[in-house]
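A.B. asks: Give the three-dimensional model of this entry:
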Amino acid sequence: MKFSVDKQENVVIYELLEEKLTSINAPVLKSELVVANAEGYKNMIVDLDKVKFVDSSGLSALLIGHRLCKDEKGIFALCGMNDAVKNLIKISQLEDVLHLYSTQHDARTAFDNKKK
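C.D. replies: Prediction:
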């Protein structure tokens, strides 16, 4: 799976660089989220701007990230979702569970505001 990682002082930002988040590459993302959490990162942003399709395995990887951050009293945010990904989250009834933002900047701003 191709992605960029920006590890900052109190948040790690993942920008996925592939069009699909599926059972083929979701385990890599899941592993990356677990490792970041083990390194002490309790706040994560996943930018899905380039992702056009997510299957149940991809959604599961994102939910694992959410659980890891929640367990550590942190924030797991998703941003840059297209309509197909938003619809998957909606039909899965997760729009009130996950922190969803339009852009990485919006997610970071919301994150910074919640810290205060």
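A.B. asks: okay, and for this protein, where does confidence drop off?
C.D. replies: 115-116 (pLDDT under 70).
A.B. asks: Backbone dihedrals for the residue most central in space within the chain, both of them.
C.D. replies: Centroid check for the chain by Cα atoms, centre = their mean gives V46 as the closest residue, at 3.2 Å. Phi and psi for V46, reported as degrees, to the nearest 10, are phi -120, psi 120.
A.B. asks: The one 4 residues further on too?
C.D. replies: Here the main-chain torsion angles of K50 (degrees, to the nearest 10) amount to phi -90, psi -10.
A.B. asks: Start at 9, not 1
C.D. replies: Happy to do that; since the first residue is 9 now, the last one works out to K58.
A.B. asks: For it, grab the count of nearby residues.
C.D. replies: Using other Cβ atoms under 10 Å, K58 has 15 neighbouring residues. Bear in mind the C-beta positions are built from the backbone N, C-alpha and C, glycine included.
A.B. asks: Return the residues in contact with the residue nearest to the centre of the chain.
C.D. replies: Residues in contact with V54, defined by Cβ atoms under 8 Å, 6 or more residues apart in numbering, are I21, Y22, L24, L37, L70, G73, F84, A85, L86, C87.
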